[in-house]
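[1] below are the sequence and a predicted model; questions follow.
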Amino acid sequence: MGHWAMAKSHPGGEAINPELMARREFPYPHSTPGAVAIKAFAAQLPEREGEYLEAVERTHLVECLNIDDADVLVAAAERLGAEPAIMREVMADPDMEKRVLADHMEAVNSSIQSTPTVDFSGIYRITGAQPMAIFEQALERALADQEA
């Protein structure tokens, strides 16, 4: 939960609720179920994928609901106009998880091992939730390198 406490301290992360997460009785899920649901949603409403990504993040990090539960993910998609039956069908397709795993392997092959990972100019890489000053320093260095 330390990661989420740090993320909460960043601008835009104020609503993250690590205290509620710690009180939940389900094992805190990994990101694969949410990533599969996002791909399933995008298959239906690609123009609203970003909105659904934010809805899954809110469901996971603010409401602290179990995103390993298909009903939770489908309900979030339905609120944005997705057809629940189609969401369930596409989420159950084994190819969806393969696509998520392929994305994961692409990240691993690029030496990305955590979320978030921010890369400035291919030289300065920041992983995990870090204080804003770390991002500012990396950006300043990357910009200075471009000017040199």
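    Nice, thanks for sending it over.
[2] so the residue nearest to residue 119 when sequence neighbours are not counted: helix, strand or coil?
    Nearest non-adjacent residue to residue 119, counting by Cβ to Cβ, 6 or more residues apart in numbering: residue 125, 4.8 Å away. Yep, even glycine has a C-beta here, placed from its N, CA and C like the rest. Secondary structure, DSSP: H, G, I helix; E, B strand; the rest coil: residue 125 is strand.
[3] make sure residue 125 is actually in contact with residue 117.
    Yes. Counting by Cβ atoms under 8 Å, residue 125 does reach residue 117; the two are 6.5 Å apart.
[4] which SSE is the most centrally placed residue in the chain in?
    Central residue of the chain (Cα atoms, centre = their mean): residue 57, 6.2 Å from the mean position. Assigned by DSSP states H and E, residue 57 falls within helix 49-61.
[5] what's that helix in contact with?
    The contact list for helix 49-61 (Cβ atoms under 8 Å, 6 or more residues apart in numbering) reads 4, 7, 15-17, 21, 29, 34, 37-38, 41-42, 45, 65, 67, 72-73, 76-77, 79-80, 82.
[6] about what we covered before: do you know how far the residue nearest to residue 119 is from residue 2?
    According to Cβ to Cβ, to the nearest Å, residue 125 stands 20 Å off from residue 2.
[7] between these two, who's got more neighbours?
    Each of residue 125 and residue 2 has its neighbours counted (other Cβ atoms under 10 Å); residue 125 has more, 14 against 9.
[8] nearest residue to residue 138 in space, please, no chain neighbours.
    Using Cβ to Cβ, 6+ apart, the closest residue to residue 138 is residue 124 (4.0 Å).
[9] for this structure, what spans make up the strands?
    Assigned by DSSP state E, the strands in the chain fall at 117-120, 124-127.
[10] just put those in CSV and tack on mean pLDDT and distance to residue 93.
    Converted to CSV, those look like this (pLDDT from 0 to 100; distance: least, Cβ to Cβ, whole Å):
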stretch, mean pLDDT, distance to residue 93
strand 117-120, 84, 28
strand 124-127, 85, 31
